[in-house]
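Peer 1: fold the following, please.
(2 chains)
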Amino acid sequence: MTLLAVENLRVSFASEGGPVTAVHDVSFSVNAGEVLGIVGESGSGKTLSLLSVLGLVDKRVTTVTGRAVFRGRSLLDLPDREMRKIRGRDIALISQDPMTALTPVHTVGAQIVEQIRAHEPVSRAAARARAVELLRDVRIPAPEKALDRYPHELSGGMRQRAVIAMALSCNPALVVADEPTTALDTTVQAQVLDLLPLRQSHGSSVVLITHDMGVVAEMADRVAVMYAGRVVETGPVADVFNDPWHPYTGGLLASIPPLTGARQGRLYSIPGMPPAPGTKLPGCAYVARCPAAMAICHTPPPEQMDGAHRSLCFLDAGQRVAARQKVGAPA
Amino acid sequence: MLATVLARLMQMAFVMFGISVLVFLIFFATPGSDPAARIAGRNAAPETVEQIRHEFGFDRALPVQYGLMMKRLFITRDLTSFVNRGQKVIPQVLDAVPATLSLVAGAAVLWVLGSLFVGVVAAAMRDTVVDRGLMILSLIGISMPVFWLGEVMNLMSQSRFHDTWLFSWVPGLGYVPLSESLGGWFKALVIPWITLAVLYIGIYGRILRANLIEAYSEDYIRTARAKGLSPTRIMLRHALRTSLLPFVTMFGLDFGALVGGAALLTEVVFGLNGVGRLTFHALQNLDLPVILATVIYASFFVVAANALVDVLYAVIDPRVRK
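Peer 2: Below you'll find the model as predicted:
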């Protein structure tokens, strides 16, 4: 069952040189109980797409068009008042940097209680009791004490756990996790990622925004690869990892150091830089960096499809294998 | 907590000691001028100067002079002004304090409420006509000199429109003690309060708006919005609390300075016999003992207001608590 379906989402900013489109016709969907990984490098529009769907972008300078249907309701057309009821209760956000995500002048407990009481008519004491349970669920030691701590009194990992506890506080159907581990130590990253399966007990779907292919392989059921504001490839994780259709996906996978086999001379990295936002490109945005670029790539690429696996690329099956071998990606 | 407060009080006492030494040195140990002659005032007889020299101990060592001066200021409180023929200084200052305190405290209530309103409404309705209008009004408020505004207020309420329904309640210029009549005190001070507050509403409102807008770009505001909180709650509980620090800092400085005599222009325009006016007259007459007393008094309020600000910091921001 589809929980959230985003179709042809387009986000543009007003800038001095006219509107700049940062997200081009992005479509993806999240099914109930599923983890969708969205990968791409910084500035590829992955965070912006989700924030736009949640109505968390600055409306004075941003134009959002397209459709985002959540449980049969069109989110982009909802009045603010209705959207507020969905945010935090049905769709929760875990943001990137736990250092700045919590208001510094209120205790962790007060902030969790605040969210519970914003959506449910429960007493302060009941909300507090639930907050203790939530902190215990995310394995914060001595949750009763942690509740009365201020954010600056907790370590980064503990803060991110508190943010996760807060996001899960109203049993959301969908959790948007925006690079939840980027700002954390590697050892803590694994611990925090281990918390996301909590969704199973809470019954939530997760949109996991990340630039770490390893995290996607570990956590996600399906993946959408974004480049320069477009979804260039999407499909079940196994399909995309075993047979990446788009050379960009291939490049990302080739950039991961292999754990087995002969040691490589030099790790592959994708050459060049992504195009600056606002650059108008008639064809594929990856053409300047693509090892398999052809003349036809300067015209809009077609969407190829095989079941749930889709890609915006001209390459056919044979050309893909050749392109992957060029960059040393797993064939 | 108690230890912090005590430590803070000790610091305050130390700072005030330093200020009193500095002020004393400037007034009484400046090379090339005879403090006795200055205290005696212009055209004093040589015998008077000699008498003062002996009485204040200017013929003795500097630390003794300082000790004598402080004793006469704080313990015996019999420091006298020679310009005004032996009038005692301390009662003069104490008499002036209620008028100044009433003026500044009332104006402070107005300007805190007014600027909170201006800042919050302007930030909440950012880039709309309301925001621009409030910012222009604030700028006008900042630009009007307080003495000019005071005179215009007087002109309207005391003379031109005094006989209309609008200003017929306004009493004549001057201070009415609170102990005498609450209504009279209030009526006498309403217009001075507004006059003094206008400038500060403008400054504080604009600064608060800027701080709020900065706070709105912080991650925790996005978290608060993602939690589904109402805009009012986000503004008051999340944005405003964190934006209050600069506001409180400025308030401490301004309040201390105003109570210490910086409300001079307002006091003069409205005929309020406050500390500012007292200092002003003392300066005109070179009445050194009065100046000494008012400067020490003013420093006390600035130091005390700053100590209060430090306490408020800890209340507002848990990161400051240690």
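Peer 1: what residues does the stretch 151-300 of chain A have near chain B?
Peer 2: Within the stretch 151-300 of chain A, the residues that sit near chain B (CB under 8 Å from any CB of the partner chain) are A:152, A:163, A:166. All C-beta atoms are positioned from the backbone trio N, CA, C, and that covers glycine.
Peer 1: got phi/psi on the last one?
Peer 2: A:Met166 has phi and psi values of phi -70, psi -40 when expressed as degrees, to the nearest 10.
Peer 1: need phi/psi at the closest residue to A:Arg71 other than its chain neighbours.
Peer 2: Distances taken as CB to CB, 6 or more residues apart in numbering or on different chains place A:Leu3 nearest to A:Arg71, at 6.8 Å, with adjacent residues excluded. Reported as degrees, to the nearest 10, the phi and psi values for A:Leu3 are phi -90, psi -50.
Peer 1: tell me the pLDDT of A:Leu3.
Peer 2: With respect to pLDDT, A:Leu3 has a value of 92.
Peer 1: before we move on, what about A:Pro98?
Peer 2: pLDDT at A:Pro98 comes out at 84.
Peer 1: chain B versus that one, what's the distance?
Peer 2: Counting by CB to the nearest CB, to the nearest Å, the gap between A:Pro98 and chain B amounts to 9 Å.
Peer 1: distance check, the residue nearest to A:Arg71 against A:Val53.
Peer 2: 12 Å (CB to CB, to the nearest Å).
Peer 1: of these two, give the one with the bigger neighbour count.
Peer 2: Remark: of A:Leu3 and A:Val53, A:Val53 carries more neighbours, 26 against 21, as counted by other CB atoms under 10 Å in any protein chain shown.
Peer 1: check which helix or strand the spatially closest residue to that one that is not a sequence neighbour maps to.
Peer 2: Excluding the flanking residues, the one nearest A:Val53 by CB to CB, 6+ apart is A:Ala68, at 4.5 Å. Using DSSP states H and E, A:Ala68 sits in strand A:62-70.
Peer 1: tell me the mean pLDDT over that strand?
Peer 2: Mean predicted confidence for strand A:62-70 is 94.
Peer 1: the next helix or strand after that strand pairs with which strands, parallel or anti?
Peer 2: Sequence-wise, the next helix or strand downstream of strand A:62-70 (DSSP H and E) is strand A:73-74. Strand A:73-74 pairs in its sheet with strand A:62-70 (antiparallel), by DSSP bridges.
Peer 1: what about chain B, any weak spots by pLDDT?
Peer 2: B:1, B:41, B:82-85, B:322 (pLDDT under 70).
Peer 1: list, one by one, the residues from it near chain A.
Peer 2: By CB under 8 Å from any CB, the residues of chain B that approach chain A are B:126-127, B:218-220, B:222-231, B:233, B:237-238, B:241-242, B:316-319.
Peer 1: what about A:Met305, distance to A:Thr234?
Peer 2: Here A:Met305 is placed at a distance of 10 Å from A:Thr234 (CB to CB).
Peer 1: please say which of the two ends up with more neighbours.
Peer 2: More crowded of A:Met305 and A:Thr234, by other CB under 10 Å: A:Thr234, with 26 against 10.
Peer 1: mind jotting down where the helices sit in the chain?
Peer 2: Reading this off chain A. Using DSSP state H, the helices found in chain A span residues A:46-53, A:80-86, A:98-101, A:108-119, A:124-137, A:143-147, A:156-167, A:186-195, A:198-202, A:213-219, A:237-242, A:247-254, A:317-327.
Peer 1: wait, I meant chain B there
Peer 2: B:2-28, B:35-40, B:46-55, B:62-70, B:89-124, B:129-143, B:146-154, B:182-215, B:219-226, B:231-233, B:241-257, B:264-269, B:275-285, B:288-316.
Peer 1: show me the contacts for the residue positioned nearest the centre of chain B.
Peer 2: The residue lying closest to the centre of chain B (CA atoms, centre = their mean) is B:Leu258, at 1.6 Å. Contact analysis of B:Leu258 by CB atoms under 8 Å, 6 or more residues apart in numbering or on different chains lists B:100, B:104, B:107-108, B:196.
Peer 1: out of those residues, who's nearest B:Ala282?
Peer 2: B:Ala282 has its nearest neighbour among the contacts of B:Leu258 in B:Thr100, at 14.4 Å by CB to CB.
Peer 1: which one is that closest one nearest to, not counting chain neighbours?
Peer 2: B:Gly274 (3.6 Å).
Peer 1: equivalent analysis for A:Gln304, please.
Peer 2: A:Ser311 (5.2 Å).
Peer 1: report the beta-bridge partners for that neighbour.
Peer 2: Here A:Ser311 sits in beta bridges with A:Glu233, A:Gln304, as judged by DSSP bridges.
Peer 1: return the residues in contact with it.
Peer 2: Here A:Ser311 is in contact with A:232-234, A:245-246, A:249, A:303-304 (criterion: CB under 8 Å, 6+ apart).
Peer 1: show me which of these are buried.
Peer 2: A:232-234, A:245-246, A:249, A:304 (16 or more other CB atoms under 10 Å in any protein chain shown).
Peer 1: from those, which two are the most distant?
Peer 2: Pairwise distances across the buried ones among the contacts of A:Ser311 peak at 12.7 Å for A:Thr249 and A:Gln304 (criterion: CB to CB).
Peer 1: how about chain A: which residue is closest to chain B?
Peer 2: Residue of chain A nearest chain B, by CB to the nearest CB: A:Gly88 (3.2 Å).
Peer 1: got a pLDDT number for that residue?
Peer 2: The confidence metric pLDDT takes the value 92 at A:Gly88.
Peer 1: what's the residue lying closest to A:Asp239 once chain neighbours are set aside in contact with, if anything?
Peer 2: Nearest residue to A:Asp239 in three dimensions, chain neighbours excluded: A:His309, at 4.8 Å (CB to CB, 6+ apart). If a contact means CB under 8 Å, 6+ apart, then A:His309 has A:233-236, A:239-240, A:243, A:245 as its contacts.
Peer 1: now those residues as JSON lines including pLDDT and distance to A:Gly278?
Peer 2: As requested, these are exported to JSON lines (pLDDT from 0 to 100; distance: CB to CB, whole Å):
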{"residue": "A:Glu233", "pLDDT": "94", "distance to A:Gly278": "23"}
{"residue": "A:Thr234", "pLDDT": "95", "distance to A:Gly278": "25"}
{"residue": "A:Gly235", "pLDDT": "94", "distance to A:Gly278": "29"}
{"residue": "A:Pro236", "pLDDT": "95", "distance to A:Gly278": "33"}
{"residue": "A:Asp239", "pLDDT": "92", "distance to A:Gly278": "33"}
{"residue": "A:Val240", "pLDDT": "92", "distance to A:Gly278": "29"}
{"residue": "A:Asp243", "pLDDT": "90", "distance to A:Gly278": "33"}
{"residue": "A:Trp245", "pLDDT": "91", "distance to A:Gly278": "27"}
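Peer 1: closest to B:Ser143 among those?
Peer 2: A:Thr234 (59.3 Å).
Peer 1: so what's the residue in the stretch 1-150 of chain B positioned nearest to chain A up against?
Peer 2: Distances between the stretch 1-150 of chain B and chain A by CB to the nearest CB are smallest at B:Asp127, namely 6.2 Å. For B:Asp127, the contacting residues are A:Arg60, by CB under 8 Å, 6+ apart.
Peer 1: try 6 Å this time
Peer 2: By CB atoms under 6 Å, 6 or more residues apart in numbering or on different chains, the contact list for B:Asp127 is empty.
Peer 1: before we move on, what about A:Gly157?
Peer 2: A:184, A:188.
Peer 1: ok, it to A:Pro19 distance?
Peer 2: Taking CB to CB, one finds A:Gly157 at 40 Å from A:Pro19.
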